[in-house]
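**Student:** When you get a sec, could you give me coordinates for this:
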Amino acid sequence: MQYREEEFTARMQEKIQQCYCRARSRLCNEIEDGKGKQIFHYTSAEGFHNIIRNKQFFLTDVAFLNDSTEMANIITVFQSTVKTLRPSLDEEFYCCLIDLLEHDDFDYLFFGSEEKDFQRYFVLACSYEEDSLNLWNYYTKGNENDGGYNITFDQQELVNSFERCNRNFYGEDMSLSFGRIIYDEETKIRIIYSFLSELNEAWIMAEEQDKANPDQNESQKKLLLGAIKTAARWLSIFFKHECFAIEREYRIILALPNSKLTKYCSCREPGVEKLYKIRFTNNMFTPYVKLGFKPSGVKGVCMSPLCEKYVTEYRLREEQIHTDDGMEMRDVLQYGVHEFLRIYGYDLKYSQIKRSEIPLRF
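**Tutor:** Next up is the predicted model:
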């Protein structure tokens, strides 16, 4: 079975394809949540050092995320929404949709797959929360007392940067999507309701096409259902249990065909790094892929509440003296982060390196 959505849409009759693509585009707009917003990536001190130095993120296989039930969350929401829609749907379309999603459809997200046509998803998790104690506690774990950091990005600039920096390595196989995580059940229902309502027209056209061309190689209705099922799998990555709502997560998803991963595992040229690798974390072998980015996308850095505050004195030049004794107090850790960024080509002002405002006792 093909898992890439375009494999279904490319074989649709033109009007059916247009109808489906309009509905799919609106679905993406619901998730993408506008442009120009800032997002924040929380990480350990070691992770921060590697990200900044290498100008590169590791995107984790979706099967290794922190909520093992999140992808299957869509099944009950999808089925209840279809039942609500029943009066306005073609009867056969309704019956097909009720049976469309099963738990077995999501096994590959949890456990992987060896099928060549299988689409693999890799995730970069960020947040709209600029300074969250919960996120500091969960995502900045490292060596004892080493604190952590979050990196500020313009969301659209980061996505554009991923496109520019990585397309030559992954080629046309690379498919990027991005957007907010949906926690609210009513919002999930509304999104699915809108998507399926629009596709009822496509189903009727597909039914007419199948009747008019009984000898055609492929049923247009089957192609439509295959595309809807694949879109639902994609959408499931953006649905999460409401207990995680405090994270206000934003995800960037890289989709790659399973058959090509071994290609990215090997160096294409001498000295070129491997793009698909395995690391040992939390007592698990975790698959990941690499995505490079441009320094211009970084808009700031925030240090965790656990970063101890070291302060030293820097004597100002005479023309810069604004205090009575000619001394200015500066945060050495903050200054060091600024120098680290400057050395690796990040054009940030000293004032853009901040400390968490969350007060903690030590």
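
**Student:** so where does residue 217 fall, helix or strand?
**Tutor:** Assigned by DSSP states H and E, residue 217 belongs to neither a helix nor a strand.

**Student:** so how far is residue 5 from it?
**Tutor:** Look at residue 217 and residue 5: by C-beta to C-beta, to the nearest Å, they are 20 Å apart. No exception for glycine: its C-beta is placed from N, CA and C like everyone else's.

**Student:** Looking at the two, which is more packed in?
**Tutor:** Between residue 217 and residue 5, residue 5 has the larger neighbour count (other C-beta atoms under 10 Å), namely 21 against 6.

**Student:** Tell me the confidence at the nearest residue to that one once chain neighbours are set aside?
**Tutor:** Using C-beta to C-beta, 6 or more residues apart in numbering and skipping the chain neighbours, the partner closest in space to residue 5 is residue 230 (4.3 Å). Residue 230 carries a pLDDT value of 89.

**Student:** Return the residues in contact with residue 230.
**Tutor:** 3, 4, 5, 8, 119 (C-beta atoms under 8 Å, 6 or more residues apart in numbering).

**Student:** Could I get the full set of helices for the protein?
**Tutor:** In the chain, helices defined by DSSP state H lie at 5-9, 14-32, 45-54, 73-85, 91-98, 107-111, 133-139, 155-170, 185-212, 220-236, 261-265, 332-343, listed in chain order.

**Student:** Count the residues that sit near the closest residue to residue 354 other than its chain neighbours.
**Tutor:** Spatial nearest neighbour of residue 354, excluding adjacent residues (C-beta to C-beta, 6+ apart): residue 302 at 4.9 Å. By other C-beta under 10 Å, 23 other residues sit near residue 302.

**Student:** which residues does residue 302 bridge with?
**Tutor:** residue 150, residue 354 (DSSP bridges).

**Student:** where's it relative to residue 140, distance?
**Tutor:** Applying C-beta to C-beta to residue 302 and residue 140 gives a distance of 11 Å.

**Student:** Which neighbours do these two have in common?
**Tutor:** With C-beta under 8 Å, 6+ apart, residue 302 and residue 140 have common neighbours 149, 150.

**Student:** which residues of the stretch 101-250 of the chain score low on pLDDT?
**Tutor:** 103-117, 141-146 (pLDDT under 70).

**Student:** follow-up on the earlier one: can you pull the contacts of the residue nearest to residue 354?
**Tutor:** Residue 302 touches 40, 130, 131, 149, 150, 152, 354, 355, 356, counting by C-beta under 8 Å, 6+ apart.

**Student:** Considering those, which possesses the most neighbours?
**Tutor:** For the contacts of residue 302, neighbours were counted using other C-beta under 10 Å, and residue 150 has the most, 28 neighbours in all.

**Student:** Quickly note the distance from that one to residue 139.
**Tutor:** 8 Å.

**Student:** list residues touching both of the two?
**Tutor:** Counting by C-beta under 8 Å, 6+ apart, the contacts common to residue 150 and residue 139 are 42, 43.

**Student:** count of neighbours near residue 285?
**Tutor:** Neighbours of residue 285 (other C-beta under 10 Å): 9.

**Student:** and it, bridged to which residues?
**Tutor:** Counting by DSSP bridges, the residues bridging with residue 285 are residue 280.

**Student:** what pLDDT does it get?
**Tutor:** Looking at residue 285, its pLDDT reads 87.

**Student:** Pretty sure it sits against residue 64.
**Tutor:** No. Contact criterion C-beta atoms under 8 Å: residue 285 and residue 64 do not qualify, at 9.3 Å.

**Student:** sorry, back to before: make CSV from the contacts of residue 302 and add distance to residue 202 to it.
**Tutor:** Below are the contacts of residue 302 laid out as CSV (distance: C-beta to C-beta, whole Å):
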residue, distance to residue 202
40, 39
130, 42
131, 45
149, 47
150, 43
152, 41
354, 50
355, 53
356, 50
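
**Student:** out of the residues you listed, who's nearest residue 206?
**Tutor:** residue 40 (43.6 Å; C-beta to C-beta).

**Student:** Surely that closest one touches residue 128?
**Tutor:** Yes. Counting by C-beta under 8 Å, residue 40 does reach residue 128; the two are 7.4 Å apart.

**Student:** Columns distance to residue 177 on top of the helices of the chain, output as JSON lines?
**Tutor:** Listed next are those as JSON lines, based on distance: least, C-beta to C-beta, whole Å:
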{"stretch": "helix 5-9", "distance to residue 177": "11"}
{"stretch": "helix 14-32", "distance to residue 177": "7"}
{"stretch": "helix 45-54", "distance to residue 177": "21"}
{"stretch": "helix 73-85", "distance to residue 177": "16"}
{"stretch": "helix 91-98", "distance to residue 177": "23"}
{"stretch": "helix 107-111", "distance to residue 177": "15"}
{"stretch": "helix 133-139", "distance to residue 177": "22"}
{"stretch": "helix 155-170", "distance to residue 177": "9"}
{"stretch": "helix 185-212", "distance to residue 177": "15"}
{"stretch": "helix 220-236", "distance to residue 177": "7"}
{"stretch": "helix 261-265", "distance to residue 177": "18"}
{"stretch": "helix 332-343", "distance to residue 177": "29"}
